[in-house]
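Asks: Let's see this in three dimensions:
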Amino acid sequence: MATRSRNSSGLIWSIIAIVLAIGSLLYCASFAVDLFANGWERLSMAVDYFGRLVRGGTIG
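Replies: The predicted structure is shown next:
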């Protein structure tokens, strides 16, 4: 019959690792949202620019 050791330090390190992972995800989330917003803005500017080129309007 196998015995299971009750090592609480493994549980503590696991909780610390989970907290660090969640913290790093939350920290990086703001950068990801900002990158997405800037990318969306640039995409809409490029589409507008291309639309003006196709219609023959002035660029500037």
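
Asks: alpha carbons only for contacts and neighbour counts from here, please
Replies: Fine.

Asks: what about Phe50, neighbour count?
Replies: For Phe50, the neighbour count with other C-alpha atoms under 10 Å is 13.

Asks: Work out for me the element it sits within.
Replies: With elements taken from DSSP states H and E, the one containing Phe50 is helix 8-55.

Asks: can you tell me the average pLDDT over that helix?
Replies: What helix 8-55 shows for mean pLDDT is 84.

Asks: Use 51 as the first number for this chain going forward.
Replies: Will do, 51 is the new start, and the previous item becomes helix 58-105.

Asks: what's the spatially most central residue of the chain in contact with, if anything?
Replies: Taking C-alpha atoms, centre = their mean, the centroid of the chain lies closest to Ala82, which sits 3.5 Å from it. Residues counted as contacts of Ala82 (C-alpha atoms under 8 Å, 6 or more residues apart in numbering): none.

Asks: Check the gap between Ser105 and Trp90 for me.
Replies: Rather than Ser, residue 105 is Arg. As judged by C-alpha to C-alpha, to the nearest Å, Arg105 and Trp90 stand 23 Å apart.

Asks: neighbour-wise, which of those two wins?
Replies: Ranked by neighbour count (other C-alpha under 10 Å), Arg105 and Trp90 place Trp90 first, with 12 against 8.

Asks: now that one: how far from Leu75?
Replies: Distance from Trp90 to Leu75, by C-alpha to C-alpha: 22 Å.

Asks: What is the burial count for Ala71?
Replies: Ala71: 12 neighbours (other C-alpha under 10 Å).

Asks: And the one 10 residues further on, by the same measure?
Replies: Around Phe81 sit 11 other residues, with neighbours defined as other C-alpha under 10 Å.

Asks: Please apply the same query to Arg102.
Replies: For Arg102, the neighbour count with other C-alpha under 10 Å is 13.

Asks: what does Tyr99 give?
Replies: When neighbours are counted by other C-alpha under 10 Å, Tyr99 comes out with 15.

Asks: Then the one 5 residues further on?
Replies: The local packing of Val104 (other C-alpha under 10 Å) involves 9 other residues.

Asks: Cool, thanks, signing off.
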